[in-house]
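Engineer: When you get a sec, could you give me coordinates for this:
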Amino acid sequence: MRLLVAEDDVRTAEYLVQGLRESGHIVDRAANGETALTMALEGVYEAVVLDRRLPGLDGIAVVRGLRQRNWRTPVLMLSALAAPTARVAKRCCASAI
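Structural biologist: Residues are numbered from 1 along each chain as shown. Presented below is the predicted three-dimensional model:
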């Protein structure tokens, strides 16, 4: 499976990429939202692991951009935000997710 990991924290990204590769996946990495959106739109990924708080476009904006283009690949959103209200964006992409 080919995956995209979009994570700006180098240590976290390396950990995720290494684990996924050791599990037999092909993994590419993006360090910011703009790059993640561009790479995801190439259409070569079967899933995306996406940090909620990326520099530039945040994870929510990346998903919105993908869904507006009818891109339906699954997204696993990562978040270090503690409060449920901080993790959930109201009306984020309700019709698009």
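
Engineer: alpha carbons only for contacts and neighbour counts from here, please
Structural biologist: OK.

Engineer: Can you give me the buried ones in the lengthiest helix in the chain?
Structural biologist: Longest helix of the chain, by residue count under DSSP state H: helix 10-22. For helix 10-22, burial by neighbour count (16 or more other Cα atoms under 10 Å) applies to 13, 16-17, 20.

Engineer: give me every residue that touches the most centrally placed residue in the chain.
Structural biologist: Geometric centre of the chain, nearest residue: Leu50, 1.9 Å, by Cα atoms, centre = their mean. Contacts for Leu50 were tallied using Cα atoms under 8 Å, 6 or more residues apart in numbering; they are 5-7, 59, 75-78.

Engineer: And the pLDDT at it?
Structural biologist: Here, the pLDDT recorded for Leu50 equals 96.

Engineer: likewise Ala82?
Structural biologist: For Ala82, the pLDDT comes out at 55.

Engineer: Residue numbering should commence at 896 henceforth.
Structural biologist: Yep, numbering from 896; the last one is Ala977 now.

Engineer: before we move on, back to that, right, and out of the contacts of Leu945, which lies closest to Gly960?
Structural biologist: Distance to Gly960, by Cα to Cα, is smallest for Gly954 among those, at 9.8 Å.

Engineer: The closest one and Asn927, how far apart?
Structural biologist: From Gly954 across to Asn927, the span is 9 Å (Cα to Cα, to the nearest Å).

Engineer: So which of the two has more stuff around it?
Structural biologist: For Gly954 versus Asn927, neighbours defined as other Cα atoms under 10 Å are more numerous around Gly954 (27 against 22).

Engineer: Who's the closest spatial neighbour of that one, skipping the chain neighbours?
Structural biologist: Arg947 (4.3 Å; Cα to Cα, 6 or more residues apart in numbering).

Engineer: Phi first, then psi, for that neighbour.
Structural biologist: When read as degrees, to the nearest 10, the backbone of Arg947 gives phi -70, psi -30.

Engineer: re the thing from before, in strands, which of the contacts of Leu945 appear?
Structural biologist: 900-901, 970-973 (DSSP state E).

Engineer: got the residues you listed as CSV, with distance to Glu941 columns?
Structural biologist: Shown next, in CSV, are the ones in strands among the contacts of Leu945 (distance: Cα to Cα, whole Å):
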residue, distance to Glu941
Val900, 11
Ala901, 14
Val970, 9
Leu971, 11
Met972, 15
Leu973, 17
